[in-house]
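Undergrad: what shape does this take:
(one chain, ligands or ions: 1)
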Amino acid sequence: MTETMTGIKGPSGLIAQSEEIILVTHIKPDGDALGSLLGLADVLRSMGKRVLCYLEEEVPELYKFLPGAALIETSFSAVRNFLRTAGESVAVIALDCGDMNRLGRSGPSLHKIHPFAVIDHHKGNTGFGDMNWIEPHRSSTGEMIVDLVDGLGVRLSSQAATCLYTALVTDTGSFRYASTSSHTYRVAACLVECGAEPGKINEQLYDNYPLKRLLLMQQVLGTLRMFADDRIGVICVRRSMLEQTGATLSDTENFINLPRAVNTVQVAVFFKEGENMISVSLRSRGDCDVSMVAARFGGGGHALASGFRAGGIRLDDLQNKVLRELLLQLDG
Ligand SMILES: [Mn+2]
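TA: Okay, here's the model as predicted:
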């Protein structure tokens, strides 16, 4: 590692003391969540620790290529068994997770295990651990894990490097977002030196879609409508489109970035018609705080990315309501 690394970081003392460690991350896991989880798990195992990775839902198809993904336990009984056979020195580390609720249904049970450490880069992190290492300026939790591992004096395996590189590349939008710092690139360089292969990883992440996703995209783009002098771009996915293409809502990931990237657009909106509910995603280019709009419908999120769900309303009616609120927010 280079001299730019800043010494011992995060819960390295806790890791040194704990022979048995449970790693958890947020539900609806993204590349940073899973990459950090599996990268740190690999490192801890190489240090001779007994490690359990727990996530209460299945790993999304997109991330199944990550080394170790198959070892993630999805049943809480695995946690209970681990605790039953563990010694005194068991610890939990929650990764990339802003608050306890984001751990899912088993959050409260996991949170009863002590010591409970948090490693995260979300601005709004509630600091819900016994020890919290939260650095909101960081590009990704994966970047923090690489510094942590550097402080532990462990060399990353190519498997761990692959996981952590995936964390970096996904959470920085392929090194495009403002959170990408010179340090992010140094960490990326280190990961490549340890065996991460950017070409292969990017192909897995970005050039590996099933045809049904493209067919769904074709239909969803057909719904595009522009409002307010092309400042608002709206797309929808309807149940019938999923039925026709065989795709699922998970195949719509990143669709919202298509209207968002139009040069006149300030806000992009994506309506997703579920069985009983409509989910709405809002993305802003910066001038409009879409979390205020989501909040008016009982949702939440950040100024640039937020969302909510609504039931008992037709999609067209909901769209009219959302547009009205957005115009107030844009021009009000
Ligand atoms: Mn993250």
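Undergrad: alpha carbons only for contacts and neighbour counts from here, please
TA: Noted.
Undergrad: give me the buried positions along stretch 161-175.
TA: Residues of stretch 161-175 classed as buried by neighbour count (16 or more other C-alpha atoms under 10 Å): 161-172, 175.
Undergrad: with stretch 181-197 instead?
TA: 184, 186, 187, 188, 190, 191, 192, 194, 195, 196, 197.
Undergrad: by proximity to the ion, which residue of the stretch 51-200 of the chain wins?
TA: residue 140 (4.6 Å; C-alpha to the ion).
Undergrad: nearest to residue 244, of the buried residues of stretch 181-197?
TA: residue 197 (36.7 Å; C-alpha to C-alpha).
Undergrad: what parts of the stretch 51-200 of the chain come near the ion?
TA: residue 140 (C-alpha under 5 Å from the ion).
Undergrad: what about the helices in the stretch 51-200 of the chain?
TA: Along the stretch 51-200 of the chain, counting by DSSP state H, counting those that start in this stretch, helices occupy 76-85, 107-111, 141-152, 158-171, 182-193, 198-206.
Undergrad: got JSON lines for those, with distance to residue 251 and mean pLDDT too?
TA: Formatted as JSON lines, the helices of the stretch 51-200 of the chain follow (distance: least, C-alpha to C-alpha, whole Å; pLDDT from 0 to 100):
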{"stretch": "helix 76-85", "distance to residue 251": "27", "mean pLDDT": "96"}
{"stretch": "helix 107-111", "distance to residue 251": "27", "mean pLDDT": "96"}
{"stretch": "helix 141-152", "distance to residue 251": "25", "mean pLDDT": "96"}
{"stretch": "helix 158-171", "distance to residue 251": "16", "mean pLDDT": "98"}
{"stretch": "helix 182-193", "distance to residue 251": "28", "mean pLDDT": "98"}
{"stretch": "helix 198-206", "distance to residue 251": "13", "mean pLDDT": "97"}
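Undergrad: save the ones you listed as a markdown table, and put in distance to residue 120 too.
TA: As requested, the helices of the stretch 51-200 of the chain are exported to a markdown table (distance: least, C-alpha to C-alpha, whole Å):
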| stretch | distance to residue 120 |
| --- | --- |
| helix 76-85 | 22 |
| helix 107-111 | 16 |
| helix 141-152 | 5 |
| helix 158-171 | 12 |
| helix 182-193 | 15 |
| helix 198-206 | 23 |
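Undergrad: and of those, who's closest to residue 276?
TA: helix 107-111 (25.9 Å).
Undergrad: only alpha carbons, please: show that closest one as CSV.
TA: The C-alpha trace of helix 107-111 is given here as CSV (Å, rounded to 0.1, in the frame of the first residue of the first chain):
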residue,chain,number,x,y,z
GLY,A,107,-32.2,-5.7,12.5
PRO,A,108,-33.4,-5.5,16.1
SER,A,109,-32.2,-9.1,16.9
LEU,A,110,-28.8,-8.4,15.3
HIS,A,111,-28.5,-5.1,17.2
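Undergrad: show me what it is packed up against.
TA: Packed against helix 107-111 by the contact rule (3 or more C-alpha pairs under 8 Å, 6 or more residues apart in numbering; DSSP states H and E) you find no helix or strand.
Undergrad: show me how far that helix is from its chain's centre.
TA: Its chain's C-alpha centre and that of helix 107-111 lie 20 Å apart, by C-alpha atoms, centre = their mean, to the nearest Å.
Undergrad: contacts for it?
TA: 92, 100, 101, 129 (C-alpha atoms under 8 Å, 6 or more residues apart in numbering).
Undergrad: go on, stretch 248-267?
TA: 213, 216-217, 224, 230-235, 242, 268-270, 272, 281-288, 290.
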